[in-house]
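Engineer: give me a model of this one.
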Amino acid sequence: MSQVSFVVLMIAALLWPLVLVLREPLMSALAARGEVRFPLDTLWATAPLPALALVLLGGDGSLALSAWLLGGVWVLDEPRRVLLAFTALLWLLSGWYARGYLAGERERANAGNGASAARLARFSVLWPLTLSGNLLLLVAEDIASFYLGFAVMTFAAYGLVIHSGTRDALIGGRAYLIMAVLGEGLILAGLLWGAGSLGALTLGEFREGLVNLEHGAWIGLLLWLGFGVKAGVAGLHLWLPLAHPVAPTPASAVLSGAMVKAGVVGWMATLPLGETAAADAFTGLGRAMVFVGLVGAIGAALLGVCQRHPKAVLAYSSISQLGMLAALVGTGLLAPALWPALAPVVVLFAAHHGLTKGALFLGVGIGEHPPRMPAWVLALLLMLPALSLAGVMGSGLATKWAFKAALYEGGHSTLVTWLSLAAVGTTLLMARTLWCQWQGEWQARRDGLVPLAAPMPLAWLLLVVSALTLPLWLPMLGMRPAVPPPAELFGLWWPALLGAALALLVGWLMHRWPLWRAWRRLPAGDLWWPLASGLGRLWVATWPWLMRLAAAKAAWVAWWVAREEAGTAALDALGESEAWLRRHASVLMMAVAVGLALVLLFSAA
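Structural biologist: Numbering: from 1, shown residues only. Here you go, the predicted model:
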């Protein structure tokens with residue numbers, strides 16, 4: 001394809017979502033004039049289509065815009081093509097799903113419900129705006145565009161989290177916003193420190209020059225933590241289990257499937273992965289990434305199985321999977337020679353998790369509004385992405401084989417063992433998700449069934465198929481995942497088999513001994529609640545001292561005001577004296593002259 005076509009597709013991919021953002025005020029103006037409006041219509045759902053066209057038709061290339069910010073550079077290469085493909089596909093199908101998911105909201109808005117109309121208008125604006133930021137950060141090579149896309153995506157998504165306006169949604173939104181501001185501050189500090197020291201404007205220059213900076217490891221630490229907020233690093237994950245359950249289901253799908261991957265993309269774009277010179281300076285950071293990643297991968301599984309809401313379980317599953325990705329990226333820092341083999345594995349893992357987790361989240365909504373099909377067929381379809389995420393089949397099996405082969409070849413068999421234990425936790429999380437979902441699905445079946453060709457079931461089925469067949473259509477984008485040989489299947493399946501056995505054992509124990517049911521009382525958000533409670537108690541304890549300090553400050557200010565007033569009065573008196581002297585200066589001068597003359601006269605005598 002010609003460079004002109006590439007440029008047109010690149011600009012269209014980034015501008016079309018913004019055009020749809022600007023379209024909403026126009027539609028609102030038409031509605032105010034009494035004309036019929038159709039929010040979340042078919043045109044609205046086409047926001048990611050130009051990005052998909054760029055992936056399929058654009059080929060590799062770059063676009064430089066000297067007038068954009070500090071000089072824009074937008075690039076499409078093999079890793080970006082895969083990331084952009086699964087991101088745009090997930091946004092496309094989730095947007096189509098949202099048309100059915102919010103159909104009731106749209107009916108109430110068209111019937112004159114002002115609150116529904118406001119929520120729908122906010123959703124229809126923030127959805128393509130968040131998408132535009134997500135797409136921009138994936139193709140941006142210049143630092144300014146990358147950070148702009150990351151920030152737009154982060155803060156626009158806040159409105160999606162609090163869409164319902166309920167108390168739980170506002171709590172989840174508060175946690176999301178607090179952690180987002182913390183992450184953005186760390187990212188901005190790291191980028192400004194590194195770019196300012198290097199004089200770099202592009203991510204490539206930044207990444208290569210970071211190894212030569214005296215404080216490069218500290219800059220890398222800031223970036224790891226900053227992007228780690230988005231990627232759900234253990235300790236910085238607090239917002240995920242609070243925000244995902246309260247957001248609308250299609251928003252949860254893109255939050256967990258696409259947006260959290262921006263943290264992994266940030267690591268790959270800014271850390272000196274594959275740079276031999278970074279082996280010594282960044283060893284500590286690499287070990288920290290591996291250790292904290294494994295803690296998150298295993299710890300999130302233990303916390304997730306204690307949840308009762310399927311979306312909360314899936315949120316902890318995302319933390320666990322992203323912990324595995326963090327461990328792989330950290331290994332790339334520890335062993336730069338291994339990174340060329342690990343880089344495509346990380347991209348494949350991100351694509352697999354994005355599509356599969358999106359299908360699982362959309363499946364929660366399908367369980368609440370099941371389509372017209374036999375119950376056993378629906379149960380089987382809901383199980384398919386869960387089995388894939390557990391590494392039993394489809395893209396999950398291909399991904400597991402890819403990273404095991406790369407790690408074994410690099411001599412990191414111990415890490416494979418730990419990741420296999422994390423995979424046991426993934427199986428437990430999937431079993432817990434299906435159990436919670438199946439319990440709610442029977443109640444939903446009494447409320448009526450949805451036609452199979454409706455937007456929700458159709459989009460979900462397409463996403464399930466896309467996720468399972470990922471290894472088949474990835475060669476279209478230049479990536480060819482390896483197929484595991486039959487002799488390796490048991491080594492890939494044993495974590496899932498062990499996880500399934502543990503799930504059955506725990507279920508049996510809960511049935512025989514109700515005391516075991518107490519483990520389900522752990523709320524989503526884990527560390528958020530003791531932190532919030534501790535800060536609340538600290539505030540209550542320090543409030544009297546703060547009031548005393550305020551009183552002391554007020555007394556101190558009052559004392560200085562009194563001194564100021566006294567000084568002002570003295571100055572006023574001096575001013576009056578000076579005016580009196582001006583009026584009587586001639587008389588005083590004559591008196592002084594006469595006095596001097598008398599003194600001289602008497603002195604002579």
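Engineer: how does the chain divide into domains?
Structural biologist: Segmentation of the chain into domains, based on automatic domain parsing, reads 3-528, 547-604.
Engineer: could I get the ones you listed as TSV with mean pLDDT, distance to Gly534 and mean neighbour count?
Structural biologist: Heads up, the C-betas are built off the backbone N, CA and C, glycines and all. What follows is the domains of the chain, written out as TSV (pLDDT from 0 to 100; distance: least, CB to CB, whole Å; neighbours: other CB atoms under 10 Å):
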stretch	mean pLDDT	distance to Gly534	mean neighbour count
domain 3-528	88	10	20
domain 547-604	81	21	10
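Engineer: now these in a markdown table, with distance to Trp539?
Structural biologist: Shown next, in a markdown table, are those (distance: least, CB to CB, whole Å):
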| stretch | distance to Trp539 |
| --- | --- |
| domain 3-528 | 15 |
| domain 547-604 | 12 |
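Engineer: how far away is the nearest residue to Leu449 once chain neighbours are set aside from Val450?
Structural biologist: Distance criterion CB to CB, 6 or more residues apart in numbering; nearest residue to Leu449, sequence neighbours excluded, is Arg372 at 4.6 Å. Separation of Arg372 from Val450 (CB to CB, to the nearest Å): 7 Å.
Engineer: show me where the stretch 101-250 of the chain has helices.
Structural biologist: For the stretch 101-250 of the chain, the helices defined by DSSP state H, counting those that start in this stretch occupy 103-110, 114-139, 143-161, 167-198, 203-209, 216-231, 240-246, 249-254.
Engineer: spatially central, which residue of the chain would that be?
Structural biologist: Lys230 (3.8 Å; CA atoms, centre = their mean).
Engineer: skipping its backbone neighbours, what lies nearest that residue in space?
Structural biologist: In space, not counting the residues next to it along the chain, Lys230 is nearest to Gly263; the distance is 3.6 Å by CB to CB, 6+ apart.
Engineer: go on, Tyr316?
Structural biologist: Excluding the flanking residues, the one nearest Tyr316 by CB to CB, 6+ apart is Gly304, at 2.9 Å.
Engineer: contacts only, for that neighbour.
Structural biologist: Residues counted as contacts of Gly304 (CB atoms under 8 Å, 6 or more residues apart in numbering) are Ala312, Val313, Ala315, Tyr316, Ser317, Ile319, Ser320, Gly425, Leu428, Leu429, Arg432.
Engineer: give me the subset of these lying in strands.
Structural biologist: Per DSSP state E, strands hold no members of the contacts of Gly304.
Engineer: not including adjacent chain positions, what is the nearest residue to Pro79?
Structural biologist: Using CB to CB, 6+ apart and skipping residues adjacent in sequence, the residue nearest Pro79 is Val347, 5.0 Å away.
Engineer: where's that neighbour relative to Gly478, distance?
Structural biologist: As for Val347, its distance to Gly478 is 11 Å (criterion: CB to CB).
Engineer: again, but for Gly172
Structural biologist: According to CB to CB, Gly172 stands 38 Å off from Gly478.
Engineer: with Arg108 instead?
Structural biologist: The gap separating Arg108 from Gly478 is 46 Å, by CB to CB.
Engineer: surely the residue nearest to Leu449 is in contact with Pro451?
Structural biologist: Yes: Arg372 lies in contact with Pro451 (CB atoms under 8 Å); the separation is 6.2 Å.
Engineer: quick revisit: and of the helices of the stretch 101-250 of the chain, who's closest to Leu498?
Structural biologist: Closest to Leu498 of those is helix 240-246 (CB to CB; 24.8 Å).
Engineer: the closest one packs against which elements?
Structural biologist: Other helices and strands packing on helix 240-246, by 3 or more CB pairs under 8 Å, 6 or more residues apart in numbering; DSSP states H and E, are helix 167-198, helix 310-334.
Engineer: and the contacts of it?
Structural biologist: Outside helix 240-246, the residues within contact range by CB under 8 Å, 6+ apart are 161-162, 164, 166, 168-169, 171-173, 175-176, 232, 252, 255-256, 260, 303, 307, 309, 311-312, 314-316, 318-319, 361, 524-526, 528.
Engineer: again, 6 Å this time
Structural biologist: With contacts defined as CB atoms under 6 Å, 6 or more residues apart in numbering, helix 240-246 is touched by 161, 168-169, 172, 175-176, 232, 252, 309, 311-312, 315-316, 319, 524-525.
Engineer: chain center to that helix, what's the gap?
Structural biologist: Between the centre of helix 240-246 and the centre of its chain there are 12 Å (CA atoms, centre = their mean, to the nearest Å).
Engineer: do the same with stretch 451-464
Structural biologist: The answer for stretch 451-464 is 26 Å, by CA atoms, centre = their mean.
Engineer: dump it to PDB, restricted to CA.
Structural biologist: Provided in PDB are the C-alpha atoms of stretch 451-464 (Å, rounded to 0.1, in the frame of the first residue of the first chain):
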ATOM      1  CA  PRO A 451     -33.100 -13.000  20.600                       C
ATOM      2  CA  LEU A 452     -29.800 -14.600  19.500                       C
ATOM      3  CA  ALA A 453     -29.300 -12.000  16.800                       C
ATOM      4  CA  ALA A 454     -29.700  -9.100  19.200                       C
ATOM      5  CA  PRO A 455     -26.600  -6.900  19.600                       C
ATOM      6  CA  MET A 456     -25.500  -8.400  23.000                       C
ATOM      7  CA  PRO A 457     -25.500 -12.100  22.100                       C
ATOM      8  CA  LEU A 458     -24.100 -11.500  18.600                       C
ATOM      9  CA  ALA A 459     -21.200  -9.400  19.800                       C
ATOM     10  CA  TRP A 460     -20.400 -11.800  22.600                       C
ATOM     11  CA  LEU A 461     -20.400 -14.800  20.300                       C
ATOM     12  CA  LEU A 462     -18.100 -13.100  17.800                       C
ATOM     13  CA  LEU A 463     -15.700 -12.100  20.600                       C
ATOM     14  CA  VAL A 464     -15.700 -15.700  21.900                       C
END
